[in-house]
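Asks: Give me coordinates for this.
(one chain, ligands or ions: 2)
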Amino acid sequence: MRSAEAAAPVALSELMERAGQSLAEAALRFAGPVPALLLCGPGNNGGDGFVAARYLHQREVEVRVAALGEAQTDLARAARAAWGGAIEPIEDAAPAPLVIDCLFGTGLKRGLEDAVSERLSGLVKSAQWAVAADLPSGVEADSGGLLSQVPAFDLTVSFGALKPAHRLMPAMARMGRVVLADIGITADGPWFEIGEPALPPVAPDAHKYSRGLVHCLTGEMPGAMALAASAAARSGAGYVRVSTSAPIAGLPRSVVQVGDAPLADPRIGCLLVGPGLGKLPQLLTLALTSHRPKVIDAEAIGHVGDPARLKGQDAVITPHSGEFATLFGELPGSKAEQALAAAAASGAVVVYKGADTLVAAPDGRLGFAPPAPAWLATAGTGDVLAGMIAALRARGMPAFEAACAGVWLHGRAAERAGPYMIADDLLEWL
Ligand SMILES: NC(=O)C1=CN([C@@H]2O[C@H](COP(=O)(O)OP(=O)(O)OC[C@H]3O[C@@H](n4cnc5c(N)ncnc54)[C@H](OP(=O)(O)O)[C@@H]3O)[C@@H](O)[C@H]2O)[C@@H](O)CC1
Ligand SMILES: Nc1ncnc2c1ncn2[C@@H]1O[C@H](COP(=O)(O)OP(=O)(O)O)[C@@H](O)[C@H]1O
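Replies: Ligands and ions are numbered 1, 2, ... in the order given. As a prediction, this is how the structure comes out:
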């Protein structure tokens, strides 16, 4: 993001002008022309606030500005001078229906002083609408961590590009709706937000094997595999097969239950192992003898032991935080950095699940999932995701693209399934 700003073809003062104008417009659209209080910090985030105050005033909104100390950058000083109106100390600022937090953005390196964060929280809580410029003050841009107390905002206007904190917990939960303001810079890099996938079309001459065969290895709790295999069947695989020693209830009749089957079968588009596996590490070992692409989920992740075992396996692994820690231990850094380190160590595409799911590839690509409904937090939804990714893999999508597509579709299916869904219901919305 910072390199994008540095390489921007426009002057920094113009970027600040655009940021401030975008902020004013977004706040006005969101809250309407209600009296506004802008809280401006010493850096360029504060500068954006002074610019926004000027635009809101021009739009005949009743505006007050409260500053935290003097401006510390040339840009912020110029923006403060151009505002030209009254500036009150933040300690004395009375509440307002609309509060716009421009205290700190990407430059925050340490927590706010207690008195300042308490003041911010008090003003935000008493406002009808609370808007943050770029990031709520107190949020660390790269990690999504909270360096001091951060109140809940209704809207966050991000400038130029989303920062990791917009998609990582706990910061993500404080931002309200996040909108991206185009200020004329683009952040080209390996980190991006996962968007709607382009799925492989069904060829006119397709047959069930060419559309993709998913072969599932089931274990002690076949109900989980019933969910995963059903999800694979509903996600466009041409053929879904489950190796099982006993009949599994609840599978669609179109999912074929077989005994042992050769895992070197070149028709297998993707192997799926993990859902319902239980204490059967030998099934993972068996899966790893195959050179076919694979999705490794749930208990199978715990059976891997050494991440290096996955090298050369063309694998997607789908851990939640507990499974992640079991396989990779306590890695340093943010969730994004941990996922990238895990992908590099294992050679696998890592879908690090949770409220802030992200997908990391061994080559450094990193996709942040758009927010998904919290009602996905119910047993079995991870099994459904694993089956979806396996089907997309079998349909010919490369591992990273299949994982990103599965995560995106899973979140949208949950939105449509509604707040009282159970994992079984998701299948109807794939
Ligand atoms: N770059 C661009 O082109 C564009 C950038 N834009 C905007 O700029 C924002 C980044 O601006 P920024 O780098 O000036 O950092 P910012 O977040 O304002 O804070 C830094 C200041 O705060 C201070 N400080 C830090 N922590 C503190 C604490 N706890 N308590 C007290 N003070 C503390 C720190 O002082 P120091 O640490 O040096 O003591 C420094 O003075 C970005 O989020 C976006 O909104 C847009 O205009 C688009 C164009
Ligand atoms: N609070 C939340 N918000 C959004 N998605 C969530 C939340 N909690 C869990 N999820 C998603 O729900 C799924 C749960 O998977 P997992 O933990 O493996 O459950 P299970 O093993 O029961 O299937 C994952 O895709 C995860 O990203």
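Asks: from here on, contacts and neighbour counts on C-alpha atoms
Replies: Fine.
Asks: which stretches of the stretch 151-300 of the chain have low pLDDT?
Replies: Residue ranges of the stretch 151-300 of the chain with pLDDT under 70: none are present.
Asks: In it, which residue sits nearest ligand 1?
Replies: Phe159 (6.2 Å; Cα to the nearest ligand atom).
Asks: separation between that residue and ligand 2?
Replies: Phe159 sits 25 Å away from ligand 2, going by Cα to the nearest ligand atom, to the nearest Å.
Asks: and that residue, how many neighbours does it have?
Replies: The tally of other residues near Phe159 (other Cα atoms under 10 Å) stands at 25.
Asks: hang on, isn't it packed against Gly20?
Replies: No. Counting by Cα atoms under 8 Å, Phe159 does not reach Gly20; the two are 9.3 Å apart.
Asks: tell me the contacts of the closest residue to Asp142 other than its chain neighbours?
Replies: Spatial nearest neighbour of Asp142, chain neighbours left out: Pro164 (5.2 Å); criterion: Cα to Cα, 6 or more residues apart in numbering. Neighbouring residues of Pro164 by Cα atoms under 8 Å, 6 or more residues apart in numbering: 141-144, 336, 368.
Asks: do the same with Ala287
Replies: Ala287 neighbours (Cα under 8 Å, 6+ apart): 263, 271, 273.
Asks: Return the set of buried residues in the helix or strand where it lies.
Replies: Using DSSP states H and E, Ala287 maps to helix 281-288. Using 16 or more other Cα atoms under 10 Å as the test for burial, helix 281-288 gives 281, 283-284, 287-288.
Asks: Among these, which one lies nearest to Pro35?
Replies: Nearest to Pro35, judged by Cα to Cα, of the buried residues of helix 281-288 is Leu284 at 61.7 Å.
Asks: I figured the closest one hits Glu299, correct?
Replies: No. Applying Cα under 8 Å, one finds Leu284 not in contact with Glu299, separated by 9.5 Å.
Asks: list the residues that contact both of these two?
Replies: Gly274.
Asks: Next, the contact list for the closest residue to Glu60 other than its chain neighbours, please.
Replies: Residue nearest to Glu60 in three dimensions, not counting chain neighbours: Pro33, with 7.9 Å by Cα to Cα, 6+ apart. Pro33 is in contact with 60-62, counting by Cα under 8 Å, 6+ apart.
Asks: Ala339 - nearest residue in space that isn't next to it in sequence?
Replies: Using Cα to Cα, 6+ apart and skipping residues adjacent in sequence, the residue nearest Ala339 is Ala360, 5.8 Å away.
Asks: Contacts only, for that neighbour.
Replies: So Ala360 contacts 336, 339-340, 343, 349-352, 366-367, 400 (Cα under 8 Å, 6+ apart).
Asks: quick one: Ile90 from ligand 2, how far?
Replies: Going from Ile90 to ligand 2 by Cα to the nearest ligand atom gives 35 Å.
Asks: ok, now Ala325?
Replies: 13 Å.
Asks: Could you do Leu39 as well?
Replies: Distance, Leu39 to ligand 2, by Cα to the nearest ligand atom: 31 Å.
Asks: How about exporting the host helix or strand of that residue as CSV, limited to the C-alpha atoms?
Replies: Taking DSSP H and E as the criterion, Leu39 maps to strand 36-40. Extracted C-alpha coordinates of strand 36-40, given in CSV (Å, rounded to 0.1, in the frame of the first residue of the first chain):
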residue,chain,number,x,y,z
ALA,A,36,-20.6,16.2,12.2
LEU,A,37,-17.6,16.1,14.5
LEU,A,38,-14.3,15.3,12.9
LEU,A,39,-11.5,14.1,15.2
CYS,A,40,-8.1,14.9,13.6
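Asks: Any chance you could list what contacts that strand?
Replies: Strand 36-40 has contacts (Cα under 8 Å, 6+ apart) with 46-47, 49-50, 53, 61-68, 90, 95-103.
Asks: again with stretch 120-131
Replies: 27, 31, 94-101, 149-157.
Asks: And that stretch, end to end?
Replies: End-to-end distance of stretch 120-131: 12 Å, with Cα to Cα, to the nearest Å as the criterion.
Asks: Just to be sure, Val99 is in a strand?
Replies: Yes. Counting by DSSP: H, G, I helix; E, B strand; the rest coil, Val99 falls inside a strand.
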